[in-house]
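> I need the structure of the sequence given here:
(chains A and B)
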Number of protein chains: 2
Amino acid sequence: MSSGSDYAVQLQAAADFIRGNDDFLVVSHMQPDGDAAGSTFGVAWMLHAMNKRFTLINEGRMPEKFKFMAGSLPIIDYEKDRPNRMFGKVISVDCADFGRIGKVKDCFEPDALLLNIDHHATNDLFGTVNVVKADAAATVEVLYDLAVELGLPFSAEWNVCIYSGLLTDTGGFRYSNTSPKVLQIAADLLNRGVQGHDLAERLLETMTFGQISLLKKTLNTLSFSHDNRIAWLSVSLDDLRSSEAASEDMDGLVNYARNVEGVEVGMMFKEKQPGVVKVSLRSGGQANVAELAQRFGGGGHVRAAGCTIHGTLEEAIERVVQEVGMALS
Amino acid sequence: MSSGSDYAVQLQAAADFIRGNDDFLVVSHMQPDGDAAGSTFGVAWMLHAMNKRFTLINEGRMPEKFKFMAGSLPIIDYEKDRPNRMFGKVISVDCADFGRIGKVKDCFEPDALLLNIDHHATNDLFGTVNVVKADAAATVEVLYDLAVELGLPFSAEWNVCIYSGLLTDTGGFRYSNTSPKVLQIAADLLNRGVQGHDLAERLLETMTFGQISLLKKTLNTLSFSHDNRIAWLSVSLDDLRSSEAASEDMDGLVNYARNVEGVEVGMMFKEKQPGVVKVSLRSGGQANVAELAQRFGGGGHVRAAGCTIHGTLEEAIERVVQEVGMALS
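Residues are numbered from 1 along each chain as shown, chains lettered A, B, ... in the order given. Next up, the predicted model:
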């Protein structure tokens, strides 16, 4: 996206944007994850420290599990509580494109100035001012640099937001985006008093009733074939309903198939509606699941891909397992 | 255990011990964990870099999952392949007391010199030379300091051992022993080329068939009481046998009970032999499970404790759940 010195210029421009304006709308993407929440509240605590006015609005509910980052700061759910005013200064965080902002854009003034803070390589620089670092693990990593640029004191609340965003976007410092810089920032935040173990427990380990109940049901479907080189799990619509789980509670379950010793391709079959099955494919590194997913009109990355099959769960499993099995042999 | 400057003196003495001797026996504790393995092989790679002779011996088998750290270095299982010689220079790693070395002590010469490298606060300094840092998260953290003291180049193999020990002893940088220094060392090792995500996948996420099969069986026993403030799992002898799981595969399963939202005490009941049930208790932070375990003749820490109950699984569950429930109310 940008060379190091470009990034420094972007940071300066972003700092000038914040210093020179006031009364900001801060918005992240729909269905916010930990980094979206961390960067929304992180920006808010920075503005708070600078005595700037701001309003936090998102399309849809901020998940309960992220609200501790907000402290006393209110965040508006645009779907429930549309503001009766417009905003001329906007800061978007963790949004790869303008569309990710969703309906909240309806309260931007036509000539609103927008500061776009993000880390997605695909970011199309839709802002008036853009600070986008494609090799950052999380948007909060960019915020860290921005706070340094602004010369802000790091408040306890802000530290927690930054650590939380790093923790969630790197899968607890496990994904390949865990750079030396991520760990250096995390070390700095621990030094400043962040209780990293509490945040890890809260953000990475706690499961809802729906999640544990769905995990239990799903593990009972675990199956293997082709000398245990292929493993899969499935979730029917009934399973999802009866476990009172949300759709996002299925995220990550596919790893239980992929992580079994010796498994080369792990898969998850989710019945989205009668006759429509979504398949997630994960590779331990040897198989190219993007290529496998393409055979069914899907796509993705070498180690994580997906496709949609029309048919019953059983039919989808049979077709895909057979194809993957042939590809492995 | 020691003040900062004492530690510096200990490091110098340890470095002198290694520089001034040769032909070492390197030993860790029985049933080695990731830090024991990482520090055994870590010392070996350091001695290798110094052109010193060494023999690695442990009581019992080195678990398969840690062998990648050894590369081409052989490690002897004392139970299977007793060496027909004695050793006069010993380096023990990650052993809190002499007893943890187990039977391997039988091949120490009577006047053997022993370098004791460890991080347990309870270490009783049983070595001729001791380098023990009680606030280190792992023994490999001490090795890192020792390699700096010795001025050794950090080899790729050694880097992997150190990262692996940190990763496993901190539960993937999640436990409260994850200090700023741990993350700084980890950042340094990533900078030197360690593939942290591969190690995390290998050491923290991969499950054996036995483990996943046991997890599946165990989750089916998940039960709640007292407004879902208590949750428990149980494993019968039959479950353990039929899942072809090892006893250590049960480690950590108790967290599935504790990590459910709202649960204050999570428990695991393991039938050790007919009529004997081992209970692991975990607290989310509010309840003091050490005190609860003491009521049944057990003990432990505020957030992690255990006890043994004589009776059937059902009887043990009834007795303990009732007692814990009364304590919570």
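> contacts, neighbours, all on C-alpha from now
Will do.
> Look at the closest residue in space to A:Asn177 that isn't next to it in sequence and give its secondary structure.
Leaving aside its chain neighbours, A:Asn177 sits nearest to A:Ala137 (5.2 Å; criterion: Cα to Cα, 6 or more residues apart in numbering or on different chains). Following DSSP: H, G, I helix; E, B strand; the rest coil, we place A:Ala137 in the coil state.
> Could you tell me how far A:Ala137 is located from chain B?
13 Å (Cα to the nearest Cα, to the nearest Å).
> now do A:Gly284
Taking Cα to the nearest Cα, one finds A:Gly284 at 9 Å from chain B.
> is it true that that residue touches A:Met267?
No: in this structure, A:Gly284 is not within contact of A:Met267 by Cα atoms under 8 Å, at 11.3 Å.
> And those two? Which one has more around it.
Per other Cα atoms under 10 Å in any protein chain shown, whichever of A:Gly284 and A:Met267 has more neighbours is A:Met267, with 30 against 23.
> Kindly state the pLDDT recorded for that one?
For A:Met267, the pLDDT comes out at 98.
> Please apply the same query to A:Arg303.
pLDDT, read off for A:Arg303, is 88.
> Contact partners for it?
A:Leu281, A:Arg282, A:Ser283, A:Gly284, A:Gly285, A:Ala287, A:Asn288, A:Val289, A:Ala290 (Cα atoms under 8 Å, 6 or more residues apart in numbering or on different chains).
> And the residues you listed, which is closest to B:Ala305?
Distance ranking of those against B:Ala305, using Cα to Cα, places A:Gly284 first at 35.8 Å.
> Now do the phi/psi pair for the spatially closest residue to that closest one that is not a sequence neighbour.
Spatially, and ignoring its direct neighbours in sequence, A:Gly284 is nearest to A:Glu264 (5.3 Å; Cα to Cα, 6+ apart). Main-chain torsions, A:Glu264, degrees, to the nearest 10: phi -100, psi -40.
> hmm, who's touching the top strand by length along chain A?
Ranked by number of residues, the top strand in chain A under DSSP state E is strand A:108-118. With contacts defined as Cα under 8 Å, 6+ apart, strand A:108-118 is touched by A:14, A:17, A:86-96, A:125-134, A:138-139, A:142-143.
> Repeat that for stretch A:148-161.
A:11-12, A:15, A:37-39, A:41-42, A:45-46, A:49, A:69, A:71, A:140, A:147, A:189, A:192-194.
> What residues sit buried inside it?
In terms of neighbour count (16 or more other Cα atoms under 10 Å in any protein chain shown), stretch A:148-161 has its buried residues at A:Leu150, A:Phe154, A:Glu157, A:Trp158, A:Asn159, A:Val160, A:Cys161.
> same deal with stretch A:92-110?
A:92-98, A:100-105, A:107-108.
> Mind listing what's buried along the helix or strand where A:Val43 lies?
Using DSSP states H and E, A:Val43 sits in helix A:34-49. For helix A:34-49, the neighbour count (16+ other Cα under 10 Å) marks A:34-47 as buried.
> Equivalent analysis for stretch A:318-328, please.
Buried residues in stretch A:318-328 (16+ other Cα under 10 Å): A:Val320, A:Val321, A:Val324.
> got it, and stretch A:236-248?
Buried, per 16+ other Cα under 10 Å, within stretch A:236-248: A:Ser236, A:Asp239, A:Leu240, A:Ser243, A:Glu244, A:Ala245.
> These also near chain B: which ones?
With Cα under 8 Å from any Cα of the partner chain as the criterion, the buried residues of stretch A:236-248 include none near chain B.
> from those residues, which ones fall inside helices?
If you go by DSSP state H, those have A:Asp239, A:Leu240 in helices.
> re earlier: among the buried residues of stretch A:148-161, which are in helices?
Counting by DSSP H, the part of the buried residues of stretch A:148-161 found in helices is A:Leu150, A:Glu157, A:Trp158, A:Asn159, A:Val160, A:Cys161.
> And the first one, how far from A:Leu47?
The reference is to A:Leu150. 11 Å (Cα to Cα, to the nearest Å).
> same thing with the third one?
Using Cα to Cα, one gets 11 Å for the distance from A:Trp158 to A:Leu47.
> out of the buried residues of stretch A:148-161, which one sits closest to B:Ala231?
Closest approach between those and B:Ala231, by Cα to Cα: A:Val160, at 29.2 Å.
> if I look at that closest one, how far off is B:Val182?
The gap separating A:Val160 from B:Val182 is 19 Å, by Cα to Cα.
> residue ranges of the helices in chain A, please?
Counting by DSSP H, the helices of chain A are A:4-20, A:34-49, A:139-150, A:156-169, A:180-191, A:196-200, A:209-219, A:237-242, A:254-258, A:289-294, A:313-328.
> could you dump those helices to JSON lines with mean pLDDT?
Shown next, in JSON lines, are the helices of chain A (pLDDT from 0 to 100):
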{"stretch": "helix A:4-20", "mean pLDDT": "94"}
{"stretch": "helix A:34-49", "mean pLDDT": "98"}
{"stretch": "helix A:139-150", "mean pLDDT": "98"}
{"stretch": "helix A:156-169", "mean pLDDT": "97"}
{"stretch": "helix A:180-191", "mean pLDDT": "98"}
{"stretch": "helix A:196-200", "mean pLDDT": "96"}
{"stretch": "helix A:209-219", "mean pLDDT": "93"}
{"stretch": "helix A:237-242", "mean pLDDT": "91"}
{"stretch": "helix A:254-258", "mean pLDDT": "94"}
{"stretch": "helix A:289-294", "mean pLDDT": "94"}
{"stretch": "helix A:313-328", "mean pLDDT": "96"}
